[in-house]
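Student: My questions are about this predicted structure, shown below with the sequence.
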Amino acid sequence: MFTGIIEATGEITGLEQVGGDLRAEITSDALDFSDVAIGDSICVSGVCLTVVTLAGNSFTVDISNETVSLTSFATLKTGARVNLEKAMQPSSRFGGHIVSGHVDGLAELVSRKTDGRSERLDFKAPAQLKKYIAAKGSVCLEGISLTVNAVTGDHFGVNIIPHTAQVTTFGELKPGDRVNLEVDIISRYLERMVTGDAENTEPCVTMDQLVRCGFADSPGNKK
């Protein structure tokens, strides 16, 4: 489990096909590897990966075809920079939101505009994921926990402060680039509870219950 607060960036220093899957070597002079062991999880640009070898300031990970098909790793190249976060410890500050590292799909950067010292970035989400993105909710882009400013159809906007642009790969993003997107895990579970499933069509939670408890507005009371 991760928080979406990036600890360092790294560089892809090796890529090879191993048994039909992809193996990547990642090097970082900025990440503290003193508490990292083989078998540990590291979030690489939003993707939870397992350390399979470790040497000095480098580690390797195996990337399955399933992960490649859903993420920007399909176009990964040697020399590319990636965002890195080690798994949470019980004593860590929870600075972002709950990030699993299980990427749902790719969002496309449509535009970026200066707003004071910050920037506003507009992204387009895949049609099947837009329903999970809400204004003032959280999303994880390239492993970064961000607050959604606004949502219009399949577009959503986030604000990037100078610090985030400097210490992550977001400073290099340009319109047309696609990034790894993980929606808030709570929205996934909430949908499951509200809609039920094929075997049990009775939902665990109804919209009436959510409205009564103050978690949602009634259909006739939209703000």
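Tutor: Received, thanks.
Student: For the longest helix seen in the chain, buried residues please.
Tutor: Using DSSP state H to define each element, the chain has its longest helix at helix 185-195. The neighbour-count check on helix 185-195 (16 or more other Cβ atoms under 10 Å) flags 185, 187, 190 as buried. C-beta coordinates here come from the backbone N, C-alpha and C atoms, glycine included.
Student: repeat for stretch 30-38
Tutor: Neighbour-count burial for stretch 30-38, counted by 16+ other Cβ under 10 Å, picks out 31, 33, 36.
Student: Out of those residues, flag the one nearest to P175.
Tutor: Lowest distance from P175 to the buried residues of stretch 30-38 (Cβ to Cβ) belongs to L31, with 29.4 Å.
Student: Worst mean pLDDT across the helices and strands of this structure, which element?
Tutor: The helix or strand of the chain with the poorest confidence is helix 207-212; it has a mean of 71 (mean pLDDT, DSSP states H and E).
Student: Quick check: the nearest residue to A127 once chain neighbours are set aside vs G176, distance?
Tutor: Leaving aside its sequence neighbours, A127 sits nearest to D154 (Cβ to Cβ, 6 or more residues apart in numbering; 6.1 Å). Relative to G176, D154 is positioned 16 Å away (Cβ to Cβ, to the nearest Å).
Student: Comparing the two, which residue is more hemmed in?
Tutor: Neighbours were counted for D154 and for G176 using other Cβ atoms under 10 Å; D154 has more, 17 against 8.
Student: Next, the contact list for that one, please.
Tutor: With contacts defined as Cβ atoms under 8 Å, 6 or more residues apart in numbering, D154 is in contact with 124-127, 130.
Student: Looking at those residues, state which has the most neighbours.
Tutor: A125 (23 neighbours).
Student: What values do phi and psi take at it?
Tutor: phi -90, psi 150 (degrees, to the nearest 10).
Student: List the residues that contact it.
Tutor: 105, 107, 133, 154-156, 181.
Student: 7 Å - rerun?
Tutor: 107, 133, 154, 156, 181 (Cβ atoms under 7 Å, 6 or more residues apart in numbering).
Student: Show the buried residues in the residues you listed.
Tutor: 107, 133, 154, 156, 181.
Student: what's the neighbour count on T75?
Tutor: 9.
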